[in-house]
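Q: Only the shape, not the letters, is given here:
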Ligand code: HEM
Ligand SMILES: Nc1ncnc2c1ncn2[C@@H]1O[C@H](COP(=O)(O)OP(=O)(O)OP(=O)(O)O)[C@@H](O)[C@H]1O
Ligand SMILES: Nc1ncnc2c1ncn2[C@@H]1O[C@H](COP(=O)(O)OP(=O)(O)OP(=O)(O)O)[C@@H](O)[C@H]1O
Ligand SMILES: [Mg+2]
Ligand SMILES: [Mg+2]
């Protein structure tokens, strides 16, 4: 009881709106610093691969983007559960806002992957399990967005997509373990093996930096989208009216 | 058995249908919801039945808010919307049997109800072969199955002929006499003793 | 411009709805078809509109049988059934534009019609977002587009509020004044000068 | 009056479609579903995939059109709009032809786009891609028109979708066979002209006869 | 009161289905359509056919179920019956589960029959025929239940059939992969137990969660 009460309090749309407003400038600054570090490390200091030459450097976009595509889905699913069980408005907003960002990252992972596939496997595309299941993840994001837009009433729409997001969770393990369950062309776990990553430390550090930068980017654009969405939904509530007055006074 | 509404507000799009509406409906009372086309009668009825959430405000039944006891509330409620809720591809009596099951009423009442409502000769006709008014009569038959304490009816007299309307009115009077409450949205005059009736004009809220 | 019916018989299943029905409808006359639920009013109206063939008998318009001149007859006819004939997914004004096109009326009348029928503020609302009565008003708006000499209307007052019914009655009176003929099936009292009205009670045929 | 009739319902279809992007997603989504299911369900070698690609693409197109037929007249029937069409002074055959043409136009562009995309992904050789597009361009109107007759006949019946499928199974076979064998011939380097000619003559036949059949079918369906 | 609820709508589905034989023809007709179209569209060698047979049969079963989903709740929504379900004192999840179970029972028997028939025609080895039937028996309830969630989410929306396909494209993938690879393994002589275990655990998952998701979805769809 205590916990849900507390949750409701800090997750009130007004509080969330103001909180994001305060965080955003700092996050943006941090994002640019980490991005610069990661790019420098990836494009300049990391040694060229002994097999792939400089072509491998696309790893610094492909792998973080692919990770994000899965991670964002998990964030969505968790928020969907929260939205359905505790009826927290902010979670509803996070689900919708994440869908668009997740779709973009998935698209990016697909494009960079197939750009990388051409020199590596000699083809843009093959129908192996990981590639196909990543494509299916893109469709999952699309279907969530389409369902959201099909509903007129956006509060109803967020509940509907929360259910869909939860049902779709079964796909995540399938995408992640596809390289284990089926023998495919795609790289097995290289970085995410816990004991001993099979990748050179000079390559690994920029990769982790890029992954962090991508996470920051997600957080930033999530906050911005969520703020917009909140304003749209609460257009006739007192705090939004007050906010409008303040900003027009300035 | 009291239905109480407190500060009920409903927005559709960018327009408020009603704003901070409050009333109480006691047993033996009929709330006649009136108002011009599109003023929000159907919407109000759906909220009272628990089919839609209101934008804000509270509906309570016996002091408990609706969303806290849906299934319990449903045992007391009978709903008749703009649509009849009958399957086109089933016969009259099959539809009634399913309804009796769904609302856990005894099935033996069905024969008498059919008789009363004038559909006995058509009991094996498929619903898609009924005329508009006969369909509405069938929907009314649902109200007579089993026990309930609250009826929520959206324009129940639609398509009924004069005998049908009279039948409906006598049914309602009887139900009220036995301590039921009724909410009706209607544009037609209602032949029920005025001491039962409590009026709500929605157009006035704008 | 006379609608004449001779020896019209219609069987539905194993039962005759009406048997050797004959009447004539002159201009400036309104035929009010009455009868209990399921007695065959809708069926008769559909036959008169040429939507169904009768089991036997003849319907003529200006001495010509209907099936010999469908498209010619259709230029004179306006039909309003139990359903409104409006697409849920189009807006009010789009629906009217398509109707004007379909019946080859000038589109400029649409604005005034919308105004008259009280749907001007909703002209860009999708039909699925209208209330039951607003939909019926929209269907009535069709009658006012372009010229016609015969209206066939099945329970036109359904779902209309008092203002809507009054509007409908004044429209009909005006149309009759200008020399039109009207066939209406209805259970509700009709506020139209009795000298226009010609009654047909279908229950009497059984 | 007849000259303009064709465009009334066509325009209406466009309006309805423009209400929601999803209408344009129909071919894409269903087509993708069918096409994607195969590589996943079959787990085939790239070579095998290439062999069966023309068949998969054509079957997927056929199924996508079949799916859209079920709803072609349903809503219009239920909200009473079909009655108005029959009672309009304009020629019913032309009105309905316009409706079907509108639906086809809405479906065809995304279908062609996505078909060529999947054609590439499935490893169809470049020179047969053109044949695929042309065969779809000639074949799909046949499918739509024949399907519309079946849809008109079954409007208002219980289980109309089953009936439609049953009615269409034999009717669609010739189109499918000519269409997919055109693509197959092209991808093995043979000329696909004979098949394309056959498809074209089927098209001419359906174009002239289907609108009349449709309007008769609608009148019959409504008069019960 | 809950104990009996499951059977109310199940019985109703049977009643409606018994009105017309066509209901039982739905799976057969659509399934046959898809399965027949392939050999005709592909023009393959018997060997090739045998390789792709498991995939074709599974894809056809999936599509047949997909097709029946579009109408699962539509009529009940339009005639107001869904409102009554929501307002009934019985647990909505159980009522809906009963409905889906009824539909499944109506579909499954003819489907299994026709699938084994076609399996033989397509040259599937005898020992993998059993696996085909078992995998369909475990897999199709998953497909029905997941599909029913999608149908419940899109009830009352414009273009619901498009949306359903789009929603199900990603959701059906796991079932299809495990199902068809079970048959493939069996026909190459390998054990298909791992796949069947995976399918069974998917089934248990959907059996427990889908009714709840469905009832939440129906309530949401009706409340707009
Ligand atoms: C369109 C083609 C491709 C797609 C859709 C794709 C998709 C993915 C996905 C979804 C992941 C994340 C897996 C997870 O964390 O569970 C991933 C990771 C990865 N991909 Fe790709 N990929 C593609 C092409 C390639 C190519 C051509 C290469 C290089 C040969 C490659 C190398 C990697 C590596 C090294 C990882 C990190 C593995 C790890 O440690 O988790 N990918 N890819
Ligand atoms: N599609 C149909 N198939 C078979 N019989 C039908 C069909 N529609 C109506 N009937 C039967 O025809 C009879 C007349 O129906 P009709 O709809 O004409 O009645 P109505 O006078 O319009 O009644 P209402 O006042 O209820 O609208 C009824 O007994 C009905 O059972
Ligand atoms: N599904 C919907 N989505 C959005 N707005 C709607 C929807 N249904 C109704 N409305 C709007 O809500 C308002 C009230 O509709 P409602 O159906 O409650 O009216 P009503 O009082 O029942 O009218 P009637 O007497 O015509 O039945 C109308 O202005 C209508 O435009
Ligand atoms: Mg209403
Ligand atoms: Mg009638």
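A: Structure's in. What do you need? Since this is a predicted model, take the numbers as computed values, not measurements. Numbers count the residues shown, from 1 in each chain, chains lettered A, B, ... in the order given. Ligands and ions are numbered 1, 2, ... in the order given.

Q: give the contact list for the most centrally placed residue in chain A.
A: With distances taken as CA atoms, centre = their mean, chain A has residue A:72 as the residue nearest its mean C-alpha position (3.4 Å). Listed by CB atoms under 8 Å, 6 or more residues apart in numbering or on different chains, the contact set of residue A:72 reads A:98, A:101, A:102, A:105, A:218. Using the backbone N, CA and C atoms, a C-beta is placed for each residue, glycine as well.

Q: Quick check: buried residues in stretch A:17-25?
A: A:17, A:20 (16 or more other CB atoms under 10 Å in any protein chain shown).

Q: Neighbours of residue 106, how many?
A: No chain in the question, so chain A it is. Look at residue A:106: counted by other CB atoms under 10 Å in any protein chain shown, it has 26 neighbours.

Q: my question was about chain D
A: When neighbours are defined as other CB under 10 Å, residue D:106 has 21 of them.

Q: do residue B:13 as well
A: Neighbours of residue B:13 (other CB under 10 Å): 10.

Q: Do a quick rundown of the helices in chain D.
A: D:2-19, D:22-42, D:46-69, D:74-78, D:81-87, D:92-121, D:126-154, D:160-187, D:193-222 (DSSP state H).

Q: could I get these as a markdown table with distance to residue C:7 and mean pLDDT?
A: Output for these, formatted as a markdown table (distance: least, CB to CB, whole Å; pLDDT from 0 to 100):
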| stretch | distance to residue C:7 | mean pLDDT |
| --- | --- | --- |
| helix D:2-19 | 35 | 83 |
| helix D:22-42 | 49 | 76 |
| helix D:46-69 | 42 | 82 |
| helix D:74-78 | 31 | 87 |
| helix D:81-87 | 24 | 92 |
| helix D:92-121 | 29 | 90 |
| helix D:126-154 | 32 | 90 |
| helix D:160-187 | 36 | 79 |
| helix D:193-222 | 24 | 92 |
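
Q: Let me have these in a markdown table, extended by distance to chain C.
A: Converted to a markdown table, the helices of chain D look like this (distance: least, CB to the nearest CB, whole Å):
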| stretch | distance to chain C |
| --- | --- |
| helix D:2-19 | 5 |
| helix D:22-42 | 10 |
| helix D:46-69 | 15 |
| helix D:74-78 | 7 |
| helix D:81-87 | 5 |
| helix D:92-121 | 8 |
| helix D:126-154 | 15 |
| helix D:160-187 | 18 |
| helix D:193-222 | 6 |
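
Q: could you redo those as CSV and give each row distance to residue B:109?
A: Formatted as CSV, the helices of chain D follow (distance: least, CB to CB, whole Å):
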stretch, distance to residue B:109
helix D:2-19, 46
helix D:22-42, 46
helix D:46-69, 44
helix D:74-78, 33
helix D:81-87, 39
helix D:92-121, 48
helix D:126-154, 38
helix D:160-187, 36
helix D:193-222, 38
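
Q: Packing partners of the helix or strand residue A:144 falls within?
A: Using DSSP states H and E, residue A:144 falls within helix A:129-150. Other elements packing on helix A:129-150 under the criterion 3 or more CB pairs under 8 Å, 6 or more residues apart in numbering or on different chains; DSSP states H and E are helix A:59-86, helix A:89-121, helix A:154-167, helix A:171-181, helix D:22-42, helix E:126-154, helix E:160-187.

Q: what is the rounded mean pLDDT of it?
A: Confidence for helix A:129-150, expressed as mean pLDDT, is 88.

Q: got the angle between that helix and helix A:59-86?
A: Helix A:129-150 and helix A:59-86 are oriented at 50 degrees to each other (axes from the mean of the first three to the mean of the last three CA atoms, to 10 degrees).

Q: Tell me if helix A:129-150 is near ligand 3.
A: No - against ligand 3, helix A:129-150 shows no contacts by CB under 6 Å from any ligand atom, the least distance being 13.4 Å.

Q: need the residues of chain B near chain E, please.
A: Residues of chain B lying close to chain E (CB under 8 Å from any CB of the partner chain) are B:49-53, B:71-72, B:74-75, B:77, B:79, B:81-90, B:94, B:98-99, B:101-104, B:126.

Q: try 7 Å this time
A: B:49, B:51-53, B:71, B:74-75, B:77, B:79, B:81, B:83-90, B:94, B:98, B:101-104 (CB under 7 Å from any CB of the partner chain).

Q: Next step: the residues you listed restricted to strands.
A: Residues of the residues of chain B next to chain E located in strands (DSSP state E): B:77, B:79.

Q: Hmm, residue D:122 is touching residue D:52, no?
A: No - under the criterion of CB atoms under 7 Å, residue D:122 makes no contact with residue D:52, lying 8.4 Å away.

Q: in chain D, what residue is nearest chain A?
A: residue D:39 (3.6 Å; CB to the nearest CB).

Q: Residue A:206: how many residues sit nearby?
A: 22.

Q: ok, for it, nearest residue in space, not its chain neighbours?
A: residue A:41 (3.1 Å; CB to CB, 6 or more residues apart in numbering or on different chains).

Q: Can you lay out the contacts of residue A:72 as JSON lines showing neighbour count and distance to chain C?
A: Below are the contacts of residue A:72 laid out as JSON lines (neighbours: other CB atoms under 10 Å in any protein chain shown; distance: CB to the nearest CB, whole Å):
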{"residue": "A:98", "neighbour count": "27", "distance to chain C": "29"}
{"residue": "A:101", "neighbour count": "22", "distance to chain C": "30"}
{"residue": "A:102", "neighbour count": "27", "distance to chain C": "30"}
{"residue": "A:105", "neighbour count": "25", "distance to chain C": "34"}
{"residue": "A:218", "neighbour count": "20", "distance to chain C": "36"}
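
Q: and which of these is nearest ligand 3?
A: residue A:98 (26.9 Å; CB to the nearest ligand atom).

Q: For the residue lying closest to that closest one once chain neighbours are set aside, give its distance to residue A:145.
A: The spatially closest residue to residue A:98, leaving aside those adjacent along the chain, is residue A:76, at 4.6 Å (CB to CB, 6+ apart). In this view, residue A:76 and residue A:145 are 12 Å apart by CB to CB, to the nearest Å.

Q: cool, residue D:60 as well?
A: In terms of CB to CB, residue D:60 sits 23 Å off from residue A:145.

Q: Give me the more crowded residue out of those two.
A: Per other CB under 10 Å, whichever of residue D:60 and residue A:145 has more neighbours is residue D:60, with 26 against 17.

Q: Show the contacting residues for the more buried one.
A: Residue D:60 sits next to D:31, D:34, D:35 when contact means CB atoms under 7 Å, 6 or more residues apart in numbering or on different chains.

Q: pretty sure the first one contacts residue D:111?
A: Yes - the pair residue D:31 / residue D:111 is scored as a contact, 6.4 Å apart, by CB under 7 Å.

Q: Spell out which residues are contacts of both of these two.
A: Joint contacts of residue D:31 and residue D:111 (CB under 7 Å, 6+ apart) are D:61, D:64.
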